[in-house]
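> any chance you can model this:
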Amino acid sequence: MTNILIVDDSSTIRKVIMKFMMRAGLPSDGIHEAVDGVQALEILADKQFDLIFSDINMPNMDGIEFIATVRKKGITTPIITVSSEGDEEQFLSVLKAGAGGCFKKSLFVYLLDQFSALSQQPQEPAS
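Numbering: from 1, shown residues only. Predicted coordinates for the structure are as follows:
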């Protein structure tokens with residue numbers, strides 16, 4: 001089973017990502033949530049994941065510190081950051097910490113909507 005960890009202090013964003021993952025066929029028991037980096041590290045201590053989505057600006061432990069800590073522990077799971085704030089310098093810091101990519105939340109939600117709409121369209125048979 002594929003396991004995804006969503007780390008974001010916004011329950012709305014966690015639900016949007018979860019809804020998309022479920023539409024893509026991932027069972028809900030493969031999707032796990034954390035409200036910040038501290039809680040995410042506790043979850044990572046007990047479970048392995050195939051992909052992590054993380055916010056950058058969170059209370060207790062921000063995304064940059066979370067990513068750096070994950071990498072220091074030798075965890076190589078791909079991490080994609082999603083943030084409503086941030087500039088080029090912050091995104092470069094995230095990539096240096098070990099994230100595989102960065103998206104602004106507005107763009108990320110738009111892309112999820114577009115992929116969801118495409119996956120809902122009937123497929124033409126191959127000739």
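> tell me where the chain has helices.
Taking DSSP state H to define them, one finds helices in the chain at 11-23, 37-44, 63-72, 88-97, 105-120.
> how about the ones you listed, which one is nearest residue 80?
Across the helices of the chain, residue 80 has its closest neighbour in helix 105-120 (8.4 Å, Cβ to Cβ). Placement of C-beta: from N, CA and C, glycine included.
> what about the closest one, average pLDDT?
Within the predicted structure, the mean pLDDT of helix 105-120 is 56.
> sorry, back to before: out of the helices of the chain, deepest packed?
Of the helices of the chain, the one with the most neighbours on average (mean count of other Cβ atoms under 10 Å) is helix 63-72, at a mean of 20.
> name the helices or strands packed onto that helix?
For helix 63-72, the packing partners by 3 or more Cβ pairs under 8 Å, 6 or more residues apart in numbering; DSSP states H and E come out as helix 37-44, strand 51-54, strand 79-83, helix 88-97.
> what's the closest of those to residue 1?
Residue 1 lies closest to strand 51-54 among the helices and strands packed on helix 63-72, at 12.7 Å (Cβ to Cβ).
> what does the closest one contact?
Among residues not part of strand 51-54, those counted as contacts by Cβ atoms under 8 Å, 6 or more residues apart in numbering are 2, 4-8, 17, 37, 40, 63, 66-67, 70, 77-82, 99.
> among the helices of the chain, which is nearest residue 30?
Ranking those by distance to residue 30, with Cβ to Cβ as the measure, places helix 11-23 first at 7.8 Å.
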